[in-house]
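[1] only the shape, not the letters, is given here:
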Ligand code: 5AD
Ligand code: SF4
């Protein structure tokens, strides 16, 4: 059997695409390896959301090239997929003569054909975007899915929003919703293989189905997935606050399978900055959505994304972001300094309002510190409580300790038996940390 090594950077979409690639490669006689040294095929699935992950790709390619050059017959195929591949295309092939194949996210379903083409062609490139009629959502089940308790299911690709900081619309193209019957069929197949928790993924899940006549809406899709027998938990990501409708709030009232956890990126607490980001909601509207969610599902736990130091962000704007954090009390957040991305509209704002990197760094540290405190405070409230935990597997650090997740997506570590994997157990929380909880089975 030939061996494939895939290194994945970036978001859940890339993780999912990697899973699909592995499934398709398996049909072609490949098995996965975790040692690049023994691989016949090396794929790096790349991310370009910020500059940092993009830079990592280049150091990875340096490593892969070295291994290839040291082989007497140079018998290693190197491929680059994902968002950097889509964005840079031919530039990557020019810069790295040892790379055989560069292909974008839309070409993932064609991986076999593309690899065959590399046998008689030195370098192959496929970064075409497919329109709705031609795009095929690969429906082979990820071979790694069966070993896990939860699985991702793609419901949509691309994004039609134009947030001014974001490169995704350029790298992943227009929004296309996957037919809901196909989604439900994939969920059914996963549950039959023992999967308990389904995470529906897309760049902007709340707008699912809206542009396709006769298709279910996102809320209707949630009901359809909940109807599949054996689905114990449903999560979804990523949501856009503008599109959180009342029908989704109703789903939180009706569907116990829908988890009490939501990642709802706010980006900034200042309506002025939100306008510059073209997010199409205000601070007030965001807080209203949070209120609506909490009245539909009082125990819902929220997390978010923040961008700090967006062009033109003043002290007053940053104060607004800090006060939003206090108002909502997110249990966790991803926060990054604004990063200039090629071809994005915000670059024009940078020219007008250059960013003081030192100030932005200080603001970021300040926000992250307060976020850690809030997380710790919220987690301490859980000490002594008994909560259902879906067991996922052995803990990475301690022998005899296993871990799982609460409905609210908290990781809990506790002494237990790996035979419990896939079961929901009652766990008493004994100690709170900022990023996880410790407990004991009751
Ligand atoms: N700079 C910093 N953060 C960004 N994100 C997206 N684009 C940028 C950028 N140019 C962040 C946003 C988004 C998350 C996935 O990445 O917060 O929600
Ligand atoms: Fe980027 Fe905005 Fe689309 Fe999210 S919604 S992928 S931030 S353009």
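    Cool, the structure landed. Remember, it's a predicted structure, so these values are computed and weren't measured experimentally. Numbers count the residues shown, from 1 in each chain. Ligands and ions are numbered 1, 2, ... in the order given.

[2] am I right that residue 295 is in a helix?
    Yes: with the criterion set as DSSP: H, G, I helix; E, B strand; the rest coil, the secondary structure at residue 295 is a helix.

[3] how about it, what does it touch?
    With contacts defined as CB atoms under 8 Å, 6 or more residues apart in numbering, residue 295 is in contact with residue 249. Every C-beta, even on glycine, is put in place using the N, C-alpha and C of the backbone.

[4] can you pull the contacts of the nearest residue to residue 418 once chain neighbours are set aside?
    Excluding the flanking residues, the one nearest residue 418 by CB to CB, 6 or more residues apart in numbering is residue 394, at 5.6 Å. Neighbouring residues of residue 394 by CB under 8 Å, 6+ apart: 401, 402, 403, 418.

[5] how much space separates residue 394 from residue 325?
    34 Å (CB to CB, to the nearest Å).

[6] also residue 15?
    Relative to residue 325, residue 15 is positioned 28 Å away (criterion: CB to CB).

[7] looking at the two, which one has more neighbours?
    residue 325 (20 against 16; other CB atoms under 10 Å).

[8] could you say which helix or strand contains that one?
    helix 315-328 (DSSP states H and E).

[9] gap between stretch 223-242 and the chain center?
    Relative to its parent chain, stretch 223-242 has a centroid offset of 15 Å by CA atoms, centre = their mean, to the nearest Å.

[10] quick one: pLDDT of the residue nearest to residue 418?
    As predicted, residue 394 sits at a pLDDT of 93.

[11] how many residues are close by the residue in the chain positioned nearest to ligand 1?
    Ligand 1 sits closest to residue 305 of the chain, with a gap of 3.3 Å, by CB to the nearest ligand atom. The criterion is other CB under 10 Å. On that basis, residue 305 has 15 neighbouring residues.

[12] and for the biggest helix by length in the chain, what's in contact with it?
    Among the elements of type helix in the chain, defined by DSSP state H, the one spanning the most residues is helix 357-380. For helix 357-380, the surrounding residues in contact (CB under 8 Å, 6+ apart) are 306, 308-309, 313, 318, 321-322, 325-326, 329-333, 335-338, 410, 432-435, 437.

[13] do stretch 48-68 as well
    The set of residues that contact stretch 48-68 without belonging to it, under CB under 8 Å, 6+ apart, is 7, 9-11, 36-37, 42, 44, 46-47, 74, 76, 78, 80, 82-84, 87, 96, 98-99, 166-168, 171, 336, 339-341.

[14] spit out the contact partners of the residue nearest to residue 410 when sequence neighbours are not counted.
    With CB to CB, 6+ apart as the measure, residue 437 is the residue that lies nearest to residue 410, at 5.6 Å, once sequence neighbours are left out. With contact set as CB under 8 Å, 6+ apart, residue 437 has these partners: 379, 382, 406, 410, 411, 412, 413, 429, 431.

[15] repeat the analysis, applying 6 Å as the threshold.
    Residue 437 is in contact with 410, 412, 429, counting by CB atoms under 6 Å, 6 or more residues apart in numbering.

[16] and if you look at residue 328?
    Listed by CB under 6 Å, 6+ apart, the contact partners of residue 328 are residue 290.

[17] mind listing the residues bridging to residue 386?
    According to DSSP bridges, the residues that bridge with residue 386 are residue 428.

[18] revised request: answer the last question for residue 439.
    Applying DSSP bridges to residue 439 yields these beta-bridge partners: residue 429.

[19] residues near it, how many?
    For residue 439, which is what you asked about, the neighbour count (other CB under 10 Å) is 29.

[20] next one: residue 132
    Residues lying near residue 132 (other CB under 10 Å) number 12.

[21] and stretch 372-390, which residues are buried?
    Residues of stretch 372-390 classed as buried by neighbour count (16 or more other CB atoms under 10 Å): 374, 375, 378, 379, 382, 387, 389, 390.

[22] typo on my end, it should be stretch 349-356
    The neighbour-count criterion (16+ other CB under 10 Å) identifies 349, 355 as the buried residues of stretch 349-356.

[23] contacting residues around residue 90?
    In this structure, residue 90 makes contact with residue 125, judged by CB under 6 Å, 6+ apart.

[24] please apply the same query to residue 440.
    Taking CB under 6 Å, 6+ apart, one finds 414, 428, 430 in contact with residue 440.

[25] hang on, the earlier thing: would TSV of the contacts of residue 437 with neighbour count and distance to ligand 2 be doable?
    As requested, the contacts of residue 437 are exported to TSV (neighbours: other CB atoms under 10 Å; distance: CB to the nearest ligand atom, whole Å):
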residue	neighbour count	distance to ligand 2
410	24	25
412	26	30
429	23	33
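
[26] could you dump those to a markdown table with pLDDT?
    Written out in a markdown table, the entries for these read as follows (pLDDT from 0 to 100):
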| residue | pLDDT |
| --- | --- |
| 410 | 97 |
| 412 | 97 |
| 429 | 98 |
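
[27] pLDDT of stretch 228-237, averaged?
    Across stretch 228-237, pLDDT averages out at 97.

[28] now it: buried residues?
    Applying a neighbour-count criterion of 16+ other CB under 10 Å, the buried positions in stretch 228-237 are 228, 231, 232, 233, 234, 235, 236, 237.

[29] among those, which are located in helices?
    When these are checked against helices using DSSP H, none is located there.

[30] closest to residue 243 out of those?
    Within the buried residues of stretch 228-237, proximity to residue 243 (CB to CB) peaks at residue 236, which comes in at 12.2 Å.

[31] ok, for the closest one, nearest residue in space, not its chain neighbours?
    residue 200 (4.1 Å).

[32] just confirm the one you found is within a strand.
    Yes: applying three-state DSSP, one finds residue 200 inside a strand.

[33] need the distance between the two termini of stretch 380-398.
    Using CA to CA, to the nearest Å, the end-to-end distance of stretch 380-398 comes out at 22 Å.

[34] report the distance from that stretch to the chain centre.
    Offset of stretch 380-398 from its chain centre (CA atoms, centre = their mean): 23 Å.

[35] near ligand 1, which residues of the stretch 301-442 of the chain are found?
    For the stretch 301-442 of the chain, the residues found near ligand 1 under the criterion CB under 6 Å from any ligand atom are 305, 307, 336, 338, 339, 341.

[36] if you could redo that for the stretch 1-150 of the chain, that was the one I meant.
    49, 50.

[37] for the stretch 1-150 of the chain, which spans come out with low pLDDT?
    Where the stretch 1-150 of the chain drops to pLDDT under 70, the residues are 133, 139-147.

[38] strands along that one, start to end?
    In the stretch 1-150 of the chain, strands defined by DSSP state E, counting those that start in this stretch lie at 2-8, 30-32, 41-46, 77-81, 101-103, 124-126, 150-154, listed in chain order.

[39] many thanks, I have nothing further to ask.
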